[in-house]
Each structure stands twice: as structure tokens, then as C-alpha cells.
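Visitor: only geometry, no sequence info:
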């Protein structure tokens, strides 16, 4: 392997810091600036009373490109891995090893797509063309330049692309089947009927074309600000939007929507809706033109509700003026033109009566006043608090810890538990219901912990749907449901408090229209042996943490963590497991796989990035039974196992740090003390 040259960081010239123009120069020497006009011009003079640069116009920042080292490694490594066989092939890019060619515009470019295809053929994988990076050389580069100058220019091109100096491209032995837009749209409509939600298909003007977006909403959600998406047509939007994407942001979009009860026994639409993608796209585009005057409108929408499509135009609303204080001390004025629907469809049949609610006492809707930190833990306001001066409320950009910025404390929460296929359960938990909640524990501060009956435990309803309690996750974002909601635990602020009311408040915190939608399905996770085989092929370390405990309010049974780290990275005391199941930990590790490999590049620029090569290998024996044995032997303590090519090492987290217990070539061969 050719050693990677180390060059002076071109961003900071080796100084380890940069002097960048201050933010105040974008608005000039003025206290009140207009964001729509002032920031568009060239850099102006500094704001004399700037709280960041003190009127100098420049601010020193640590150079993040070199990590305040002043030097950088001119090396880029691309690794291609076959998930089905574990084979890995890599190619390193260093000065002197590039083969630039001119593109149609006459620029010198190093297209690594052919290298990725060669590596993919070597490991027998099918990869996407979009995963191949490219390097752009300056016009100064020429083949007839002296080698020293050519290598210098090539190093600069590599440094411009080293935001991920080690890139991992994953593939399979066979190509992934293409997504059928029509089938995807039918699936989205079916789930909308199952969860009692609206499916919104939106097109909005972006320059000379349209941007398309597909999302779920609760009825009554306001139009979200900003452009909907980057997809150029409806088939592209359907191809790139799966179920999780459409549900992401549901709570954010529906915070201001009024909460209403559900009537799941209302007449249901057909189980298999008939939809035509081309016809739907043409109808939405036709609605983007005002039929009365022929003027162009901002966009249009189609809503799937009650088993049919409802079409509406989008029109510009009244301008809204906002003033925002900047860290520089300036105030910026912004004028936003919201978009509203020209026609609001009638309420769906499954929507019931409004839900009673109380105004949140810890936030103020018109402004940014939120609960002050001095009142956390039900403490009275501190009259000497420097933030609120005894008022108990302070300006904050964070969400309200009490209501999640819904500004309401709902007295009823609607809970939907579904496998997103054909099974669903709709529940309604109402405050004031006289249920017996026995005391099960006491918090360190003396607060009682009670457990509600089985109908309040989402884990019990998961069993009804054929899922495990550990598989429960929030439909919006995929975050695992905590033990409190899974097993019905609620912490009371004091004895005698209505436990159901506290439980309802916690369950409806930050939800859309007082609705909590839970997915009861195992996460899409690779098997542990498959991920371990890939880690060994990359010559990295797979760190698996497990803890077995049955204490109330803690992760019952087992908690897991799975991380891919550099081969020589030590086990840290804060590497603690927090996922409720091994499948959830594996799914999270797979989601962060490319980022984990990029962060595994050595931080020392003098150390080259490894260029791993590995042929196909058999799957190792599943270590899960041995991990469970270790967890039960050290109940109540965190056990971390590092798997590398050299073998495995078992560590235990004690009060005084991390202790190495044993090392061996195989986990089954360990003899622990």
C-alpha cells in the first residue's frame, strides 16, 4: 500500500484556525436588517456593536477540516462490500495514482465510477451508480506539468472530497427489485385507511418545474412552510418515499391540529384501492393553473381520505412578518408568504367529537417563553434565577418539556397500534378513569411509581398483534417505545394524583392532534453473524454491549447496543446499551454503517487509512446465546464484547471503570472468572 502524503491544510494554511467573515457583515452596519434584500448583496461593513466580532468584521474559528492539526492526509479510500458473501475490495486514491479525463465541459475530472464497478465485479456485488464519488481538478492541472506540481494539484482535489475519507459502498449478489410506483401508491393509501390518516400528494412550483412530496397528515394540519421536496415528478416521489418517510414529521406537522376522538367502526373504504399514478399526476398538475384567470398557482394537492381522492389548489396567503434576534445582536426582519388550501375537504367519517384539553401552564403560544430550568422537578421558581428573575418562564428555542409545544394538556389520548399491514388496534385513554394502580416502586426523590392495568400497557396489545413488546416503535421517526408505555408505569408528582391523567399527559406529549401511533413490527435488521462477517472483512471491530436487569422503569430484561468501531478503539465507560432488543440495535448499526466506516479513518494524518481486502467467508456461529449467557452471569452490569479478526475480548463495566475479563479466539472458548 502506497503511503498517503501529509500536506498542509489549505483551509487554514497550517494555522489550525480560520478567520471568516462575521455574520453581521451579511447585513451591514445596521441594527434592523431585512433578510429578503440585505443579505442578498455583497459583503458589507461590519456591525459596529456586534456581540461576536466587536465590529472587526472577522471571527476566528477552529479549523474543522484538519481538526486543529494544521495538516491533512491526501488519501481517499473506497471500499465495496458484498453483504451476502462478506467479500470486501478497496481502492485508494492518492496523488500520482489518478487518471483524469476531460468532461464535456472541458474540466478535468477523476470519475471513480469505473473503479467502483471493478471492485463490485471483484466481490460479485450489484451496487448503485450514485454511490461512486468523483474528483474535480482545477484548470491548472495538465498532464505535461512537472510531477511535483501535478501531485500537489491532485492532493488539493483529494482534500476537497475528504469530508468522508473512507467511503463504504454496499451491495448484494443480486440486484434489489425496482419499486413499482403504482404498487407503492396503493400501499400508502391502504395504510392511510388502516391508521385513519390523510395521505397528501403535493406538487409545488420550484423555478420552472415542480417539486413533489408525499406525506401523512392528521386532519386539520396546517400547511407546512417551505418547499415540499426535490422529486421532479410523482413516480420519482413514490420511488423515494417509503412508509417510514411518509410518517416522519407527522407530529411536527400536526402540533397545531385540534385533537378529536376516533370512530374506527365507521364505514371503511375498500381494502384494495384502485389508483392510477399517471391520471393522478395529470390532475394535480392541471390544478396548478387557476381555471378562472389562467394564472399560475403555487401548487396543488390530492388528499386520500375516506377511500377517495380530494383535489385542491394551493394559493398564496397573507404575508407574515417575523423578527428574529441574531447572535450578533442584530434583528432580522423576514416576510413569509404562507400557502393555504383553496378547498378544504369535509371531515372524514372516522373523526369523532373534540377532545377536552387544558392550556399548558408552562409555555406561552404567542412567544418563546418556556418553563425555566429553575422549576424543573416541580420546584418553585427561584427568585434569584438569572434567567427568569423569579418568573418561572424564560425565552427558549427548545420545545416545552410539559406539552411538547402543543400548548395543550389533552384529557384523552388516542392510541393506534398497528403492524402496518392489515392488523390495527385503536385505543382511547381518558383522564379521570377510576382504575386501580398499585404502587410498584419509589423514585429516589420519594415520588411514587404505580402500574396501570393491562389495557394501558402497549406491550399487552403488541402480543395481540403477534409482535414482541420490544418491537414497539413510534411511527414518527422509529424511536423505540419506552418501558413506561410498554408496561404501564407512571411516576406521580405526589401521592393522590390521578395516575391515568399523568399517563395520558405523558403519552400525548408532542403528538399530532393528541394521537400516538405505534408500529408493532420487528425492525428490518441484518442477522448478527452477517454484520459480524462484514466487520471482519473491513478489519474493524464490532462492539456489542448487553445488560440484564429487571428493575422497574429501567430497560426490562435486556438492553443492547451494537457499534462498528476502529480495530484498536478502546471500550469506553460511556459505551452503554440502551436499545430494547438486539434487532433494534442491529437496525441502528446498519443505518449508521457508512458513517461508522467514515469515522473509523485514523485521526492522525500521519497514519494512512487501511485498504481492506477480503474474500468470501462463511458465516460465524451466532454469538447471541453466548452473549445472553454472559449477561445472565453478570446480571445488573453492562458486559461489552469486542469482536475483531484477532478474536474477542469481554469487558465488564464496574463503578471504577471498564475491566477486561477475558480474551479468546472464539466467544465459546472463554473461561470467565
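Guide: Great, that's in hand. Remember, it's a predicted structure, so these values are computed and weren't measured experimentally.

Visitor: all contacts plus neighbour counts: C-alpha atoms, from now on.
Guide: Will do.

Visitor: tell me what the lowest-mean-pLDDT helix or strand in the chain is packed against?
Guide: For the chain, the helix or strand with the lowest mean confidence is strand 134-136, at a mean of 84 (criterion: mean pLDDT, DSSP states H and E). Counting contacts by 3 or more C-alpha pairs under 8 Å, 6 or more residues apart in numbering; DSSP states H and E, strand 134-136 is packed against strand 108-111, helix 147-160.

Visitor: what's next to the last one, contact-wise?
Guide: Outside of helix 147-160, the residues within contact range by C-alpha atoms under 8 Å, 6 or more residues apart in numbering are 7, 10, 72-76, 93-96, 98, 135-138, 141-143.

Visitor: re the thing from before, okay, the helices and strands packed on strand 134-136 in JSON lines with distance to residue 355, mean neighbour count and mean pLDDT next?
Guide: Output for the helices and strands packed on strand 134-136, formatted as JSON lines (distance: least, C-alpha to C-alpha, whole Å; neighbours: other C-alpha atoms under 10 Å; pLDDT from 0 to 100):
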{"stretch": "strand 108-111", "distance to residue 355": "59", "mean neighbour count": "19", "mean pLDDT": "86"}
{"stretch": "helix 147-160", "distance to residue 355": "55", "mean neighbour count": "19", "mean pLDDT": "90"}
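
Visitor: can the ones you listed go into a markdown table with extra columns for distance to residue 350?
Guide: A markdown table is the format used below for these (distance: least, C-alpha to C-alpha, whole Å):
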| stretch | distance to residue 350 |
| --- | --- |
| strand 108-111 | 55 |
| helix 147-160 | 55 |
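
Visitor: which one of these lies closest to residue 619?
Guide: Smallest distance to residue 619 across the helices and strands packed on strand 134-136 (C-alpha to C-alpha): 34.3 Å, for strand 108-111.

Visitor: helix or strand right after that closest one?
Guide: Next helix or strand after strand 108-111 toward the C-terminus (DSSP states H and E): helix 113-123.

Visitor: buried residues in that following helix, which are they?
Guide: In terms of neighbour count (16 or more other C-alpha atoms under 10 Å), helix 113-123 has its buried residues at 113, 115, 116, 117, 118, 119, 120, 122, 123.

Visitor: next: stretch 258-270.
Guide: For stretch 258-270, by 16+ other C-alpha under 10 Å, it's 258, 259, 260, 261, 262, 264.

Visitor: can you tell me which one of the residues you listed sits lowest on pLDDT?
Guide: pLDDT is lowest at residue 264 among the buried residues of stretch 258-270; the value there is 86.

Visitor: what about that residue, distance to residue 22?
Guide: Separation of residue 264 from residue 22 (C-alpha to C-alpha, to the nearest Å): 56 Å.

Visitor: ditto for residue 342
Guide: 43 Å.

Visitor: higher neighbour count, these two?
Guide: It is residue 22, of residue 342 and residue 22, that has more neighbours when counted by other C-alpha atoms under 10 Å, with 22 against 14.

Visitor: can you tell me the closest non-neighbouring residue to that one?
Guide: Closest residue to residue 22 apart from its sequence neighbours, by C-alpha to C-alpha, 6 or more residues apart in numbering: residue 58 at 4.9 Å.

Visitor: wait, isn't the one you found in contact with residue 24?
Guide: No. Contact criterion C-alpha atoms under 8 Å: residue 58 and residue 24 do not qualify, at 9.2 Å.

Visitor: who's more crowded, the two?
Guide: Between residue 58 and residue 24, counted using other C-alpha under 10 Å, the more crowded position is residue 24 (31 against 18).

Visitor: let me know the pLDDT of the residue lying closest to residue 325 once chain neighbours are set aside.
Guide: Nearest residue to residue 325, sequence neighbours excluded (C-alpha to C-alpha, 6+ apart): residue 331, at 4.5 Å. Per-residue confidence at residue 331 stands at 92 (pLDDT).

Visitor: tell me the bridge partners for residue 331.
Guide: residue 32, residue 325 (DSSP bridges).

Visitor: so what's it up against?
Guide: Applying C-alpha under 8 Å, 6+ apart to residue 331 gives the contacts 31, 32, 33, 323, 324, 325.

Visitor: hmm, try it at 10 Å
Guide: Contacts were defined as C-alpha atoms under 10 Å, 6 or more residues apart in numbering; by that measure residue 331 touches 27, 30, 31, 32, 33, 34, 35, 322, 323, 324, 325.

Visitor: make JSON lines out of those residues and add distance to residue 312.
Guide: Compiled in JSON lines, the contacts of residue 331 are given as follows (distance: C-alpha to C-alpha, whole Å):
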{"residue": "27", "distance to residue 312": "39"}
{"residue": "30", "distance to residue 312": "43"}
{"residue": "31", "distance to residue 312": "42"}
{"residue": "32", "distance to residue 312": "39"}
{"residue": "33", "distance to residue 312": "37"}
{"residue": "34", "distance to residue 312": "33"}
{"residue": "35", "distance to residue 312": "31"}
{"residue": "322", "distance to residue 312": "28"}
{"residue": "323", "distance to residue 312": "32"}
{"residue": "324", "distance to residue 312": "33"}
{"residue": "325", "distance to residue 312": "37"}
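
Visitor: tell me the contacts of residue 263?
Guide: 196, 348, 349, 350, 351, 352, 353, 426.

Visitor: quick one: it from residue 333, how far?
Guide: 45 Å.

Visitor: how about residue 602?
Guide: 45 Å.

Visitor: cool, and residue 410?
Guide: Using C-alpha to C-alpha, we find residue 410 at a distance of 35 Å from residue 333.

Visitor: what about these two, which has more around it?
Guide: Remark: of residue 410 and residue 333, residue 410 carries more neighbours, 26 against 17, as counted by other C-alpha under 10 Å.

Visitor: ok, the residue nearest to that one when sequence neighbours are not counted - how many residues close by?
Guide: Of all residues not flanking residue 410 in the chain, residue 357 sits nearest, at 4.3 Å (C-alpha to C-alpha, 6+ apart). Look at residue 357: counted by other C-alpha under 10 Å, it has 15 neighbours.

Visitor: how near is residue 357 to residue 411?
Guide: Using C-alpha to C-alpha, residue 357 is found at 5 Å from residue 411.

Visitor: same thing with residue 321?
Guide: Distance of residue 321 to residue 411, computed by C-alpha to C-alpha: 34 Å.

Visitor: looking only at neighbour counts, state which of the two leads.
Guide: It is residue 411, of residue 321 and residue 411, that has more neighbours when counted by other C-alpha under 10 Å, with 21 against 10.

Visitor: which two in the buried residues of stretch 258-270 are spaced the farthest apart?
Guide: 258 and 264 (18.1 Å).

Visitor: neighbours of residue 276, how many?
Guide: Count around residue 276 with other C-alpha under 10 Å applied: 13.

Visitor: can you name the residues that contact it?
Guide: Contacts of residue 276 (C-alpha under 10 Å, 6+ apart): 181, 182, 183, 185, 186.

Visitor: with adjacent residues omitted, what lies nearest to the fourth one?
Guide: Spelled out, that is residue 185. residue 238 (6.7 Å).

Visitor: that neighbour belongs to a strand?
Guide: No. Counting by DSSP: H, G, I helix; E, B strand; the rest coil, residue 238 is not part of a strand but helix.
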